[in-house]
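A.B. asks: heads up, no residue letters with this:
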């Protein structure tokens, strides 16, 4: 625990950090607000130009009829699944065992909506067509998370998604996209957002991952679906009198960063090579398919933390602020490439990894 | 419909408006943010100085152990009632027929929490001790809204609240305060917020009514209660990565406007006299007990709208942007005094009401 804190403290002092867009401070909102005239009217309970125009823009981007702005993806996705369950009259949905709804939401889906989750595939692999074909036929909706964040941001072949989509349509099962990181996978698939979304009945996207906004989400689909989602949004307590602080920042950082996703992806490819060149270090996936990946050390957290802390102090480069125990003998962390990577001096970065490799060899041999 | 729109349009053009704090535009947030250093770190999922310090400040102000910041009162209050129902093992709560949860939340309490509402008193009067004493004994929690907004912001005698509080404690029934307008009633009761809140087990307050912030709410109570509320906040999708846009503005406008509640109250007393001096106009309550009241016309919306529109055009004073049908032959609107009232030229205001009185006499006789 002390070492974890130590690593975080040393990390905070580094000049260069490989992940992310920079500090999550109030300046993030200030920068966005500077671009908007103070006399612009607030949205009022889901109405008004500022929310409606952004919803229209996102609906067009996603190739869906309508889009609704939500304060959070947790709220948006529970609601999407609830609507599809009510439509079919069956309170069963299917998703990956490491789905956000299963592990990060205090069981809101079950506690608030009484929806049963059917877990597809295993914790350490992606959902395949077979998993869907062989599941309980009473499932109302399948949720696919692209990329599958908790296993390093892995992606299925595009054809697999197409086949799952076709199967679900044929069977009268709705397909929902957890697109928290949808922007981030488009360069790998070489598809537009609308092309990917055309395979899904409903889509959620987030504005504070690759986009780098303050918070907020969009849920998109056909008009009947989004109209129903607004009723549930009010029930959940998400129909705030004013959501504009999140909308203004979502819009600003969408315009800033959506166009950079290809760069973030290529930066991730490069950085993963650096990690994989080090003793006892590997990335999952080995070759990233988005701006993210996981880094695993074949050594315990207790062994790796002092090595990283020393590295940060010697180089002023920070690779991660934390290490998570994976097994008793291994540990790891997550990388999400944002705007900071492009500002790093590359020659120095190479030296950092050479030094890391030396330290790991010395310490772990 | 056309006349409603006309009234709104004419209202928007007026120079002086008697209600509120002014326009709900983005400047409201900009003003608050200007007082905060951009390098201050964001809150992260309910943690961090910016949220914790404000929660502590509000807990102290309310005289409660702990306070939790929520994006909305809708979310905070459903959760409060759910916690008390779970504690007692009875999914029944009691409140006024015009309670926010009953009429403005798309039945979230019933649809998400499966809680049954027992309606106390009648639509046109306050809850009294007898209503509570005679209710279903299985009720887990009674919710009191102070002031009762939908009937003009009426208040019971303070002794009545004390008696209801004592009765509920004796009976093992929790008492929850819908204090969306708690600040606004303190001058009338001549009590501190902590004194009023000591009569309740849990308290919700809002930051965009009299306080004039962007959005957001606080739910306060003992530690076990607030700890549980954080779990439900995540389930509802309200545990946003960053709530600071609302916290910064809540804190800023709390500091600005909480101290002005006595002035708002006295302004409301004065303005109500003006309204009551006019033909066929009366306020509910006749003598306000907070910064708010309702104005009723003994004439239909169709009759009153053109009179008001003409008045606004002639005087550049706006009294209301809308009229709501009360019965086929009567209509009304709500007044909430904020910072704008103090800026009005008082002599001109008197003349506006003299003119309104003349117009009503002429038109309705």
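C.D. replies: Yep, it's here. Quick caveat, the model's predicted, so the values are computed rather than measured.
A.B. asks: so which residue of the stretch 201-350 of chain A comes closest to chain B?
C.D. replies: As assessed by Cβ to the nearest Cβ, chain B sits closest to residue A:237 within the stretch 201-350 of chain A, at 2.7 Å. (C-beta placed from N, C-alpha, C; glycine too.)
A.B. asks: Let me see the contact set for the spatially closest residue to that residue that is not a sequence neighbour.
C.D. replies: Once flanking residues are discounted, residue A:237 sits nearest to residue B:75: 2.7 Å by Cβ to Cβ, 6 or more residues apart in numbering or on different chains. By Cβ atoms under 8 Å, 6 or more residues apart in numbering or on different chains, the contact list for residue B:75 reads A:236, A:237, A:238, B:217, B:233, B:236, B:238.
A.B. asks: Try it again at 7 Å.
C.D. replies: When contacts are counted by Cβ atoms under 7 Å, 6 or more residues apart in numbering or on different chains, residue B:75 touches A:236, A:237, B:233, B:236, B:238.
A.B. asks: Kindly report the same for residue A:58.
C.D. replies: Residue A:58 neighbours (Cβ under 7 Å, 6+ apart): A:67, A:218, A:220.
A.B. asks: tell me the SS of it?
C.D. replies: helix (DSSP: H, G, I helix; E, B strand; the rest coil).
A.B. asks: Roughly how far does it sit from residue A:219?
C.D. replies: Note on residue A:58: its distance to residue A:219, by Cβ to Cβ, to the nearest Å, is 10 Å.
A.B. asks: Next: residue A:33.
C.D. replies: 25 Å.
A.B. asks: more crowded one of those two?
C.D. replies: residue A:219 (30 against 20; other Cβ atoms under 10 Å in any protein chain shown).
A.B. asks: what kind of secondary structure is that one in?
C.D. replies: strand.
A.B. asks: Touching, it and residue A:74? I think so.
C.D. replies: No. Applying Cβ atoms under 7 Å as the test, residue A:219 and residue A:74 come out as separate, 11.5 Å apart.
A.B. asks: For burial, what's the neighbour tally of the residue lying closest to residue A:188 once chain neighbours are set aside?
C.D. replies: Nearest non-adjacent residue to residue A:188, counting by Cβ to Cβ, 6+ apart: residue A:289, 4.4 Å away. By other Cβ under 10 Å, the residues close to residue A:289 number 22.
A.B. asks: Give me the pLDDT value at residue A:289.
C.D. replies: On pLDDT, residue A:289 comes in at 98.
A.B. asks: which secondary structure element contains it?
C.D. replies: Here residue A:289 sits in a region with no helix or strand, counting by DSSP states H and E.
A.B. asks: Now for chain A, the helix or strand with the poorest mean pLDDT.
C.D. replies: helix A:2-13 (a mean of 84; mean pLDDT, DSSP states H and E).
A.B. asks: tell me how far that one is from the chain's mean position?
C.D. replies: Its chain's average C-alpha position is 25 Å from that of helix A:2-13, according to Cα atoms, centre = their mean, to the nearest Å.
A.B. asks: On the C-terminal side of that helix, identify the next helix or strand.
C.D. replies: Past helix A:2-13, the next helix or strand by DSSP H and E is strand A:16-17.
A.B. asks: Which strands border that next one, and is each parallel or antiparallel?
C.D. replies: Paired neighbours of strand A:16-17 in the sheet (DSSP bridges): strand A:317-318 (parallel).
A.B. asks: interface residues of chain A facing chain B?
C.D. replies: A:24-27, A:29-30, A:33, A:36, A:38-42, A:71-72, A:74-75, A:78, A:105-108, A:111-112, A:208, A:214-215, A:231, A:234-238, A:240-242, A:244-245 (Cβ under 7 Å from any Cβ of the partner chain).
A.B. asks: From those residues, list just the buried residues.
C.D. replies: Buried subset of those (neighbour count, 16 or more other Cβ atoms under 10 Å in any protein chain shown): A:24-27, A:29-30, A:33, A:36, A:42, A:71-72, A:74-75, A:78, A:105-106, A:108, A:111-112, A:208, A:214-215, A:231, A:234-238, A:240-242, A:244-245.
A.B. asks: Tell me where the stretch 151-300 of chain A has helices.
C.D. replies: Assigned by DSSP state H, counting those that start in this stretch, the stretch 151-300 of chain A shows helices spanning A:158-171, A:182-189, A:193-197, A:223-236, A:244-257, A:261-276.
A.B. asks: same question but for the stretch 1-150 of chain A, I mixed them up
C.D. replies: A:2-13, A:27-33, A:49-62, A:73-88, A:100-103, A:108-113, A:129-133.
A.B. asks: In which helix or strand does residue A:356 reside?
C.D. replies: Element membership of residue A:356 [criterion: DSSP H and E] is helix A:346-364.
A.B. asks: before we move on, back to that, can you add pLDDT and give the contacts of residue B:75 back as JSON lines?
C.D. replies: Output for these, formatted as JSON lines (pLDDT from 0 to 100):
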{"residue": "A:236", "pLDDT": "98"}
{"residue": "A:237", "pLDDT": "98"}
{"residue": "B:233", "pLDDT": "98"}
{"residue": "B:236", "pLDDT": "98"}
{"residue": "B:238", "pLDDT": "98"}
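A.B. asks: Just put those residues in TSV and tack on distance to residue B:189.
C.D. replies: Converted to TSV, these look like this (distance: Cβ to Cβ, whole Å):
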residue	distance to residue B:189
A:236	33
A:237	28
B:233	30
B:236	32
B:238	30
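A.B. asks: Can you pick out the most distant pair from the residues you listed?
C.D. replies: Greatest spacing in the contacts of residue B:75, by Cβ to Cβ: A:236 and B:233 (10.9 Å).
A.B. asks: hey, what's the residue nearest to residue A:56 when sequence neighbours are not counted bridged with?
C.D. replies: Among residues not flanking residue A:56 along the chain, residue A:67 sits closest, at 7.4 Å (Cβ to Cβ, 6+ apart). Using DSSP bridges, the bridge partners assigned to residue A:67 are residue A:220.
A.B. asks: how about residue A:67, what does it touch?
C.D. replies: The neighbours of residue A:67, taking Cβ under 7 Å, 6+ apart as the test, are A:55, A:58, A:59, A:218, A:219, A:220, A:226.
A.B. asks: any idea how far residue B:7 is from it?
C.D. replies: When residue A:67 is compared with residue B:7 (using Cβ to Cβ), they lie 32 Å apart.
A.B. asks: For chain B, give me its nearest residue in the stretch 51-200 of chain A.
C.D. replies: Going by Cβ to the nearest Cβ, chain B is nearest to residue A:75 of the stretch 51-200 of chain A, at 2.6 Å.
A.B. asks: Could you pull up the residues touching the nearest residue to residue A:80 once chain neighbours are set aside?
C.D. replies: Of all residues not flanking residue A:80 in the chain, residue A:202 sits nearest, at 4.7 Å (Cβ to Cβ, 6+ apart). By Cβ under 7 Å, 6+ apart, the contact list for residue A:202 reads A:80, A:176, A:219, A:220, A:221, A:225.
A.B. asks: Columns pLDDT on top of those, output as JSON lines?
C.D. replies: Shown next, in JSON lines, are those (pLDDT from 0 to 100):
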{"residue": "A:80", "pLDDT": "99"}
{"residue": "A:176", "pLDDT": "99"}
{"residue": "A:219", "pLDDT": "98"}
{"residue": "A:220", "pLDDT": "99"}
{"residue": "A:221", "pLDDT": "98"}
{"residue": "A:225", "pLDDT": "99"}
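A.B. asks: Between those, which sits nearest residue A:275?
C.D. replies: residue A:176 (32.8 Å).
A.B. asks: so that closest one makes contact with residue A:80?
C.D. replies: Yes. Residue A:176 is in contact with residue A:80 according to Cβ under 7 Å; the separation is 5.3 Å.
A.B. asks: ok, those two, which is more surrounded?
C.D. replies: residue A:80 (31 against 26).
A.B. asks: who's in contact with that one?
C.D. replies: Here residue A:80 is in contact with A:176, A:202, A:204, A:219, A:229 (Cβ under 7 Å, 6+ apart).
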